[in-house]
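**Q** My questions are about this predicted structure, shown below with the sequence.
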Amino acid sequence: MSLGLAVARAAMRMADTARARTALRKATRTEPGVRVFGWPSVVNDGNLHIGARVVFLSTPAPVTLVVERGGSIEIGADALLESGVTIRARRRVVIGASARLGVGCVIDD
């Protein structure tokens, strides 16, 4: 790999990290390596924990996470949430490590 390509990839990772921090700023805890494409919609009035290396594909439709007061969403490491996924928690929703939630999936406890 050329030096220029390595620098470009490092810059893209930094941009992904910055976008993830901004897009997921309402999360209670976000582990390292989370990547965000597009802009997810996040409402957190409880506990939202996003594991390491989770990927949000929020294009063309946003991924939507809603944690109601007293609720909890835990997303395990290496999970993939595709376009249009909606997760709402009144109590507790746990998405396991390496899970893949497909386009338009809705999880509502």
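**A** It's in.
**Q** so how far is Val66 from the residue nearest in space to the middle of the chain?
**A** Residue closest to the average C-alpha location in the chain (CA atoms, centre = their mean): Phe56, at 4.5 Å. Distance, Phe56 to Val66, by CB to CB, to the nearest Å: 14 Å. (Each C-beta comes from the backbone N, C-alpha and C, glycine too.)
**Q** could you point out where this protein is predicted with low confidence?
**A** Residue ranges of the chain with pLDDT under 70: 1.
**Q** Look up the closest residue to Asp78, ignoring the ones flanking it.
**A** Once flanking residues are discounted, Asp78 sits nearest to Ser98: 4.6 Å by CB to CB, 6 or more residues apart in numbering.
**Q** need the strands for this structure, in chain order.
**A** 29-30, 35-38, 41-44, 47-50, 55-58, 64-67, 72-75, 80-81, 86-89, 92-95, 100-101, 106-108 (DSSP state E).
**Q** Compile those into CSV and extend it with columns for distance to Thr22.
**A** CSV is the format used below for those (distance: least, CB to CB, whole Å):
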stretch, distance to Thr22
strand 29-30, 11
strand 35-38, 8
strand 41-44, 11
strand 47-50, 14
strand 55-58, 12
strand 64-67, 15
strand 72-75, 18
strand 80-81, 17
strand 86-89, 20
strand 92-95, 22
strand 100-101, 22
strand 106-108, 24
